[in-house]
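Asker: Let's see this in three dimensions:
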Amino acid sequence: MLRIHFTDADLARVRVASRPDPLWEIFFSLIRFQRRRGLWSYADWHRTARAALHGKGLAPTVRNVLLPLYPVGTYFPDFLTPGEASEGLDAGLDAILGTPRRRVLHELAILDRVSGAPAWARQLADDEARRKFVRTVRAYYDVAILPNSDRIQAHVDADRSLRARALLDGGTDKLLAGFGPHVRWRCPMLEVDYAEDRDLYLQGRGLTLVPSYFCWGGPVSLADSGLPPVLAYPLRHAAPRTDDANGQEPWAPLSALLGATRAVILQATATGATTSELARAAGVSAASATRHTTVLRDAGLLVSQRHGPAVLHTLTPTGAALLRSGGQNHGVRPA
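Answerer: Numbers count the residues shown, from 1 in each chain. Got it, this is the predicted structure:
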């Protein structure tokens, strides 16, 4: 179990990242290639990513270079997921290149001791070998992650709306209590089901919560407690669809009533969403999303309120009731 200890100052410094961290997504996506648990939720991605990697000739590189450095187990090197990646892939890769040689060797030695590191791994302490490795990471991201970036961001946006509501309703206590069955908030400590037993004392540094599309099961933290505290946690994924007695998809009645795009928009509004978030979820332009939300608002199914430059849409009781009746077989499982 991982026990994260908060002070009053830490409770005021909890933040949820506004976008996916590309290097955490790379790590978790590589784990998805090594585990079958939760594969139902990533089946389409797994199939298309594997085909794309083979098509680009990257499959052997992934197998021989990336997977050995991102193993399933209790440890992988922290320098592969630097905090700078919150600013984007380029910033994260630059941070990997700038990691001191001594730290790289130290973390690779831990990896070798815990789960075994490939014989060539120590070469990453050298600048040229690390530049080549970074090019490999970027190539993998471009093929396996980038084509799914809109879908991933839409999931993050929906999750942030959910977290924002929890914070507004019950403050930091309710926010920290809402991270699923693998996490328990017992003020002033957050208990996380974990592969090892350890304590993380925040000591006024706060905690950054990083939503991850490819994370499955329990959250993951950095191994070095001296680094800025981070907890990457899984986003929620829709349960696989099953045919009803008439052989129809569960959302077919709602789609028939509203049209497929408006049905998606209504569903995405369940936790509150901005116009741009709804556009990403439905795969339409912002202008098209605005037209659809206008129709739904005029029908009394949602309400819209401006928050600064954005417009936030939420369901009315009528909209929520329609959503429940139209998709009663469509569950959402926490990851």
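Asker: what residue is smack in the middle of the protein?
Answerer: Ser212 (1.4 Å; Cα atoms, centre = their mean).
Asker: For that residue, which residues count as its bridge partners?
Answerer: Ser212 forms beta bridges with Pro234, as assigned by DSSP bridges.
Asker: so how far is Pro22 from it?
Answerer: 11 Å (Cβ to Cβ, to the nearest Å). Glycine gets a C-beta too; all of them are placed from N, C-alpha and C.
Asker: same thing with Tyr233?
Answerer: Separation of Tyr233 from Pro22 (Cβ to Cβ) stands at 16 Å.
Asker: Look at these two and report which has more neighbours.
Answerer: Pro22 (25 against 21; other Cβ atoms under 10 Å).
Asker: Tell me where the stretch 101-250 of the chain is predicted with low confidence.
Answerer: 238-250 (pLDDT under 70).
Asker: Where do the helices of it begin and end?
Answerer: Using DSSP state H, counting those that start in this stretch, the helices assigned to the stretch 101-250 of the chain run over residues 101-114, 127-140, 149-176.
Asker: packing partners for the longest one?
Answerer: Spelled out, it's helix 149-176. When contacts are defined as 3 or more Cβ pairs under 8 Å, 6 or more residues apart in numbering; DSSP states H and E, helix 149-176 sits against strand 14-16, strand 183-186, strand 207-212, strand 273-274, helix 275-282.
Asker: In a markdown table: the ones you listed, plus distance to Val220.
Answerer: Output for the helices and strands packed on helix 149-176, formatted as a markdown table (distance: least, Cβ to Cβ, whole Å):
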| stretch | distance to Val220 |
| --- | --- |
| strand 14-16 | 16 |
| strand 183-186 | 12 |
| strand 207-212 | 8 |
| strand 273-274 | 27 |
| helix 275-282 | 26 |
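Asker: Just give the closest residue to Phe6, not the sequence neighbours.
Answerer: Counting by Cβ to Cβ, 6 or more residues apart in numbering, Phe6 lies nearest to Pro188, which is 4.4 Å off, once chain neighbours are set aside.
Asker: That neighbour reaches Arg3, doesn't it?
Answerer: No. Taking contacts as Cβ atoms under 8 Å, Pro188 lies outside contact range of Arg3: 10.6 Å.
Asker: which one of the helices of the stretch 101-250 of the chain lies closest to Arg50?
Answerer: helix 127-140 (12.1 Å; Cβ to Cβ).
Asker: Contacts made by the closest one with the rest, please.
Answerer: Outside helix 127-140, the residues that touch it by Cβ atoms under 8 Å, 6 or more residues apart in numbering are 23, 26, 53, 56, 58, 61-62, 65-66, 89, 93, 96-97, 99, 104, 123-124.
Asker: Go ahead and build a ChimeraX selection from the buried members of those.
Answerer: Those of the contacts of helix 127-140 that count as buried under 16 or more other Cβ atoms under 10 Å are selected in ChimeraX with:
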select :23,26,53,58,62,65,66,89,93,96,99,104,124
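Asker: Out of the contacts of helix 127-140, which sit inside strands?
Answerer: Residues of the contacts of helix 127-140 located in strands (DSSP state E): none.
Asker: Return the subset of the contacts of helix 127-140 lying in helices.
Answerer: Among the contacts of helix 127-140, the ones falling in helices (DSSP state H) are Leu23, Ile26, Leu53, Thr61, Leu89, Leu93, Ile96, Leu97, Val104.
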